[in-house]
Structure formats: C-alpha cells, structure tokens
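Student: Predicted model and sequence follow; I will ask about them next.
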Amino acid sequence: MREISNELPLGGIALFRWVWRQLTSMRTALFLLMLLGIGSIPGSLFPQRTQNPMKVREYLASHGSVGTWLDRFKFFDVYSSPWFSAIYLLLFISLIGCVLPRTLEHLRAIGKTPPLTPRNLDRMEGHLVLSAGDLDKAEAWLRKKRFRIRRDEFSISAEKGYSRETGNLLFHLSLILILVAVGVGSLLGSKGEAIVNVGERFINTPTSYDSLAFGKFQSDQSMQSFSLRVTDFSAKYDPATNAPQDYTLTVAASHPIGSVEKKIIIKVNSPLTYGNTKIYLQANGYSPVVTVRDKSGAISFHGPVTFLPQDANLTSIGAIKVPDMNPQIGFVGSFIPTYDRNSKRGAFSAFPEVLDPRLLLSAWKGNLGLDTGIPQSVYRLDTSKMERIALKQLAIGETLNFGEGSITFDGWRAWVNLQIVDDPGKLYALTGAILAIFGLLLSLFTRQRRIWVKSSNQVEIAGLAKNSAPGLSDELTQLKKWMEDEL
Amino acid sequence: MSSRQFAYLSNYAIYSAMFVYTIAFFSHAVEVAFSVRHAEDSTKFEFAKTDKAGRIGTAMMILAQIFLTSGVLFRGLSAHRAPWGNMYEFSITGAMAFSGAYLFSLIKYKLRWLGLPVSTAVLLTLGTAVAVLYRPSAPLVPALKSTWLIIHVSAAIVSGGVFLLANTIAATYLILDRIESRGERNAWAKKLPSLEYLDQLSYRLVAFVFPLWTFAVIAGAIWAESAWGRYWGWDPKETWAFITWIAYAAYLHARVTVGWRGRRAAWLCLFAGSTFLFNYVYVNIWGTGRHTYSGL
C-alpha cells in the first residue's frame, strides 16, 4: 500500500494528483467495493421499475410522500440511478488505478533475481543449522523445485510463487473486463418483446415489436435479418398441481429473411441464437378468435385477439375494439380456458390448458376514444364515453346479439411472447468470468515463499512465507535432509 | 421401484438421520460437559475418559451422514431429477453439505469438538424442513429444467455448507475470546483449540471455498442468460449473491492486504455468512424475484 498524506494540497495539478492517489489507493477501492454492495441492497427490498413496474405504481399509490421521496432518490431505479452509477464508475477507475501500476511492477519483477540474503538468518522462520552440506547441493535441490535463484559467493537466495501475484492481477484485470463488457452490452445492445399468435409470422423489424429498447449507440441498422413463423406451441401441466411442466415452441425460421425456412424448436432453457441475437420463449397465453357482424350481417371484424393471463390457471382478460362500426363498438372480455364456477368466486378457470373454454363478454357502444391522440392500451377499453348494451357468457360456436350487430366466439389460438435480446458484450463478460476464476484459484492456492541458504563457518537455512502460508517448515526440513544426506 | 416408494424411502431415511443426529448430539454434549479432573493435580484434566463419547459422536455423525445422503438421493430418484426444486429439498441438501463439510474437514483438522454445534444446526435445519417446508415430491417447472440446475445449485449448496462451517468456527472464536478476556478458560473450553488456530481455520475454509462461490454465481449468470434472456438482472437473489460475494471478498482483502486478524476478522466473517443466510431465508420465502422456488 502507498502512503497517503491526508493534507489537502493547493493548486490544480497537485490537487488532481492528490485526488488520483486517494482514489486509487487500496483502501478506497475496498471502501467503494463495500459501498457497491450496500448500494445494491435497496434494489432488492423495494420494487424496481425494470422488473415490476406494476408493483412500483402500487407502492407509490399506497405510501404517499414517503414513496415520492424514495422515488426522488431513485430507489425504484436503483441500478440505473446516478448515485449507483457513480459508485460503479469510481470503483472502475479506482480498480484500474490500483491494478495497472501493479501489473507493470510485476512484469518488471518477473525478470529480476530474488533480493539479497539477509545478514542474520536466525531471525527468520524455520531457521535450521545443518551438520553438513554445501551450496551446490542446495542449488540443485532448489532448481529441481523450480525456485528462482540468486547465487552469491557464500549464500543462495531463492524465491518461488510469483504466480500468486500473476493470479491476483489476472483476477482484478478480469473484473475490469467484466465491467467493460457490462457497459458494452448496455450501450450497444437492444432488447425487445413481441407477442405472436400461433400461425402468424414475426419479422425482425422495429415495427414488429410491442416494446423495443436500444442502447445509446445502437440503431435499427444493425438488427439481424430473420423472420419466424410460429407453427406450433404446446404447454404441458401437472394434472395434480396445475404447475407447468413443459413449453415447446416450434417455428419455421428463415435467416436471412427470404431464405428457405427451417423448422426450429425453442424451449425455455434453449433459445434460438443468430450471432449476438437470441430469441427466448418468455411467456404464453390465449387469443380468443371472434367474428363481429353488423346489423346487415356483414363481417366487421374477424380474427384472434390477444388476452393477458391474470392467474396461474390462465384466466385472461382483454378488449376487442371495432372502430369501423357506427356507432363504435367495443367489448370487454374474459377468457376462461377450463370453465368452472362456484358461489364464492363466480366463474373461474380450474386448469391452465384449454379443456372447456368460455368467453365472457360485455358489449359497449359509443366513442372508443381512439382518435384523441392519447395512447391507449390494447388490452383495456376506455368506457368513459360508452354505454353497456349487452352481457353474455359464450361457449365455442355461440353468438351474442347486441342490437347493433352480433359477435360469435369461433375458437382460440395460443400466443407466445418472444423476447429478443442483442447483447454484444456477453462473450467478453463470459471470458472475463472464466479468467477471473482462474486468477482467483492461482492466487489463493499458490504459496509464495523465500528460502535462504548460507555457508560461512556453518551451513544455515531459513525461509519466509508470504501471508504465513503453511508448509514452509516441512519444505525446510526436506531441504535439510537432502543436504545432510551424504550419499 | 416407483416414484412413490422412493419418496417414502427418502422420508424414512431423513427421519432415521434425525434420530442418529440426536444420538450424535448427546454424545458430543457428554464429551464437552463432563470433564474429569486429574486425580492428583486438580488443575489438570483427563481427557481420555470423555474421549470415547467423542468417538461415538463422530461414528454417529458418519452414520447419520449416510442416512441423510440416501434421503437426498431417494428424493431425487422419486422425482427423476436433481432434488433441488423447492425449499424442503434445498434444506435437506444444505444440511447434507454442512455436515459433509464438517466430516471432510475432520480428516485434516482437529475439529471433533465442532460436532456439537454442527449436529445442533443440522437437527434444527432438518426439523424445520420436515415440519414447515415439506412438500410432496413433484416435477420441475420448465425454467428449472436444465443441466445448469445441477452445476449451479450444487456449487451454491457446497459453498453455503462451508461458509456456515467457517461461521460456526468464527462464532466459537468470539465466544472463547470473550472467555479468555475474563481470565482462564472454563473446564470444557480447555478442550477446544487455541484462538489462533480457530482464526486461521475459518480463514482457510473461506479462502478454499470463495472460488467455488464465484463459480456458483457465474454458473447462475450463464444459466440466467439461457433461461431468462439476460446474464444479470439484479433479481433479489442475484443481488444478495453479489453482496455475499463482496462481503467475502472484503474479508479476504482485510486479512491478506490489511492484515486483519482475530476479533475484527471473525465479526466480518459472521457478517458475510449472515448475508448468505438472509439470501436463503428471506429471498426464497418473502422475496419477489424469479428465484422464489420455496413452494410455500
């Protein structure tokens, strides 16, 4: 460790050098590391916008000014907050300032011979006086054990275990690589989600996504060219516990767009990979298929409508909007894959698979509010300017007549939520992680020690182990035996 | 054998293990509690007479380990998978790793006295698992179906077992340190090793297992990348695994570079271990992240 003066110097360059020295001292690096740990705690105790925005809204609604103040200090976006980034960046700089000079120093030390033998060996660890032996014999033994050796006229100074520092530095340099990789991933990557019904095609362009976020230096130019046609999706559930057992998604993929389609299976733990881009199966649900007719019987709308699952048995809700009818018509719906009812809960789903589906619909007429310019959720109906005109529960094939027309429940289709992630930093992070483990093993399991042999009027040996690593006295005893052995 | 039979067999093995751990507990308690004063010199103790109780204790610990290991094994066979799908299974495997770490260390170090705290902790863990956490054997949810389950969870469980062993030793250090600061050690405490030995031992255990914990975290990140689409997402479990990692990294630095020893190092070791326990208990049961596999 370097000595640090605590006096604050005046003047530009001196001040900068003082700050730099403070920042890159080992003590500061350790302090920042601890601070990073403490700083990440609130993110695990408060809901985070990146993980669960709904929970954050609930928290803010129920905690009044406490919530507002917590929000002001970014407690709901901890890992992207200025204060967390500040700790992270300072640690990054501190690590570099700590490790780079030590690396240079170590590289220089590798070529050097061990330092001189101390004058008084009897003050060192495991000091032994030998009955016989000479320096040549000792040198032979030390060479065999691959020590670095400095041979002087009456003494040998030997050192072993430089790889301890090599491992130590490799570990810390790998940490820097991981930090860089995380940065690269967030600046140059992209992440998006898209819901696709079975039978439909997804083309990888920004407009196909339901949500898509680019890193600061990333644009849609670098998107992989591919398209996926969802040909099948099957979900298996445990009949006793209703817990999911297996999801299998089958797609016909063409990469690049226009090439011959290939059949590919995507599962939860095996995404589809194209270069740095991976396509994950993230969630699934149901889209009821309906046909809406006007008074004359002409079809105003036909097709699957995505509903969002609300519970483990996939009771799903959604909205069907038909702006082309006059007056405008909308439906609030609830899809039940396996219908059951009791007096307490009313109608509910008893199993996540579609065994006996029902569609509960309420029909509304009036103004859908689509032309106000305010973005609207496709899963919700804004009924503030509408009037309810009918309500019915439909089995497949049944029709609800609502005066202005009719709606028929034709069937259902499964949908899958694809998460498409492009992270160019990933491989660097993995490389960094693997190197870090190697460095760690090397530094924790290498014993660094020095052994001295001195021949004056008597032959003496002694040693010194860094961090009082065990085994030095055994080694000295072995050397003693070897040297005293007359054969 | 059918799944159901294996599940029953697993339960019987766990109950038997608990029974044998109880015997081990009493044997070790006898060894510690009854010290025989030397017939002529009352300031000295004859340890040979209670030595037998200690040896019986170790034999029982080994037998219990066999029962517990087969209990974990049968649980896996009954579900046709690694038995790491819910908190009951994590707990019995964790107990197995903890007492296994103790028995392994016994080969190299004079640690028999640790049998008392180890059997106590294992009995408490198994008792909680059987009484509160028990769930019938069932298949895994799709996100857990991966080879990484075996790699990631086994590394995490083994690290946890060794961390807790180091914690037990650090706690013993602090208790003995307290006793010594008041004067001479009590009769029972005289059988325990010197403070310096305990201090070194807890450090060695941590230094030995820290790379494995690092590996467990990295293996988790690799798995998360293939199951959830990102290698790091600050999920509460990930965050706390990271905090544990930092705490132990700080402990190692404090010892190796700053030269912390003794009391301060023992407290830091206890703190680091408690972040691991917090992660296991709090995040599994009350947490909101993706790691809530307690089945409760």
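Tutor: Right, received. Where do you want to start? Numbers count the residues shown, from 1 in each chain, chains lettered A, B, ... in the order given.

Student: Run the chain-centre distance for the longest helix along chain A.
Tutor: Of all the segments assigned as helix in chain A under DSSP state H, the longest by residue count is helix A:82-110. Its chain's C-alpha centre and that of helix A:82-110 lie 23 Å apart, by C-alpha atoms, centre = their mean, to the nearest Å.

Student: Buried residues, it. List them.
Tutor: A:84, A:87-88, A:90-92, A:94-99, A:103 (16 or more other C-beta atoms under 10 Å in any protein chain shown). Every residue, glycine included, has its C-beta placed from N, CA and C.

Student: quick one: the strands in the stretch 101-250 of chain A?
Tutor: If DSSP state E, counting those that start in this stretch is used as the criterion, the strands of the stretch 101-250 of chain A fall at A:125-130, A:148-151, A:155-160, A:190-197, A:201-203, A:211-214, A:227-237, A:244-254.

Student: List the contacts of the residue lying closest to A:T103 once chain neighbours are set aside.
Tutor: Leaving aside its sequence neighbours, A:T103 sits nearest to A:L169 (C-beta to C-beta, 6 or more residues apart in numbering or on different chains; 5.2 Å). A:L169 sits next to A:99, A:102-103, A:106, A:439 when contact means C-beta atoms under 8 Å, 6 or more residues apart in numbering or on different chains.

Student: go on, B:T239?
Tutor: Neighbour list for B:T239: A:40-41, A:43-44 [criterion: C-beta under 8 Å, 6+ apart].

Student: Could you point out which of the residues you listed is nearest to A:W364?
Tutor: Nearest to A:W364, judged by C-beta to C-beta, of the contacts of B:T239 is A:G43 at 41.6 Å.

Student: Wait, that closest one touches A:W83, no?
Tutor: No: at 11.7 Å, A:G43 and A:W83 do not qualify as touching, with contact defined as C-beta atoms under 8 Å.

Student: Can you say which helix or strand has the closest residue to A:L170 other than its chain neighbours in it?
Tutor: The spatial neighbour of A:L170 that comes closest, neighbours along the chain excluded (C-beta to C-beta, 6+ apart), is A:G439 at 3.3 Å. Using DSSP states H and E, A:G439 maps to helix A:426-445.

Student: Enumerate the positions of that helix that are buried.
Tutor: Quick answer for helix A:426-445 (16+ other C-beta under 10 Å): A:426, A:428-430, A:432-433, A:435-437, A:439-444.

Student: and the helix or strand following that helix, what does it pack onto?
Tutor: Counting by DSSP H and E, the next helix or strand C-terminal to helix A:426-445 is strand A:449-455. Applying 3 or more C-beta pairs under 8 Å, 6 or more residues apart in numbering or on different chains; DSSP states H and E, one finds that strand A:449-455 contacts helix A:135-144, strand A:155-160, strand A:459-465, helix A:472-484.

Student: I'd like those as a markdown table, with mean neighbour count and mean pLDDT appended.
Tutor: What follows is the helices and strands packed on strand A:449-455, written out as a markdown table (neighbours: other C-beta atoms under 10 Å in any protein chain shown; pLDDT from 0 to 100):
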| stretch | mean neighbour count | mean pLDDT |
| --- | --- | --- |
| helix A:135-144 | 16 | 86 |
| strand A:155-160 | 22 | 89 |
| strand A:459-465 | 21 | 86 |
| helix A:472-484 | 16 | 85 |
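
Student: Mind checking these for the one nearest to chain B?
Tutor: Nearest to chain B among those is strand A:459-465 (12.9 Å), distances taken as C-beta to the nearest C-beta.

Student: wait, does that closest one make contact with chain B?
Tutor: No: judged by C-beta under 8 Å from any C-beta of the partner chain, strand A:459-465 and chain B are separated, with a smallest distance of 12.9 Å.

Student: Output that strand in CSV with nothing but the alpha carbons.
Tutor: Taking C-alpha atoms only, strand A:459-465 is exported to CSV below (Å, rounded to 0.1, in the frame of the first residue of the first chain):
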residue,chain,number,x,y,z
VAL,A,459,25.7,-24.1,6.9
GLU,A,460,22.3,-22.5,7.8
ILE,A,461,18.9,-22.4,6.1
ALA,A,462,15.8,-20.3,6.7
GLY,A,463,12.7,-19.1,5.0
LEU,A,464,9.9,-16.6,4.8
ALA,A,465,6.3,-17.4,3.7
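
Student: Next, the angle from that strand to helix A:135-144.
Tutor: Angle of strand A:459-465 versus helix A:135-144, following axes from the mean of the first three to the mean of the last three C-alpha atoms, to 10 degrees, is 30 degrees.

Student: Relative to strand A:459-465, what are the paired strands and their orientations?
Tutor: Note on strand A:459-465: by DSSP bridges, its sheet partners are strand A:125-130 (antiparallel), strand A:449-455 (antiparallel).

Student: What is the distance between that strand and the centre of its chain?
Tutor: For strand A:459-465 - counting by C-alpha atoms, centre = their mean - the centre lies 50 Å from the chain centre.

Student: helices or strands up against the helix-or-strand element of chain A with minimal mean pLDDT?
Tutor: Averaged element by element with mean pLDDT, DSSP states H and E, chain A has its least confident helix or strand at helix A:12-23 (a mean of 80). Other helices and strands packing on helix A:12-23, by 3+ C-beta pairs under 8 Å, 6+ apart, are helix A:82-110.

Student: And the average pLDDT for the helix it packs on is what?
Tutor: Average pLDDT, helix A:82-110: 89.

Student: what angle separates that helix from helix A:12-23?
Tutor: Helix A:82-110 runs at 90 degrees relative to helix A:12-23, counting by the same axes, to 10 degrees.

Student: how close does A:D410 sit to chain B?
Tutor: 30 Å (C-beta to the nearest C-beta, to the nearest Å).

Student: Need the per-residue pLDDT for that residue.
Tutor: 95.

Student: Could you give the separation of the helix or strand hosting it from the chain centroid?
Tutor: Using DSSP H and E, A:D410 maps to strand A:405-422. Relative to its parent chain, strand A:405-422 has a centroid offset of 29 Å by C-alpha atoms, centre = their mean.
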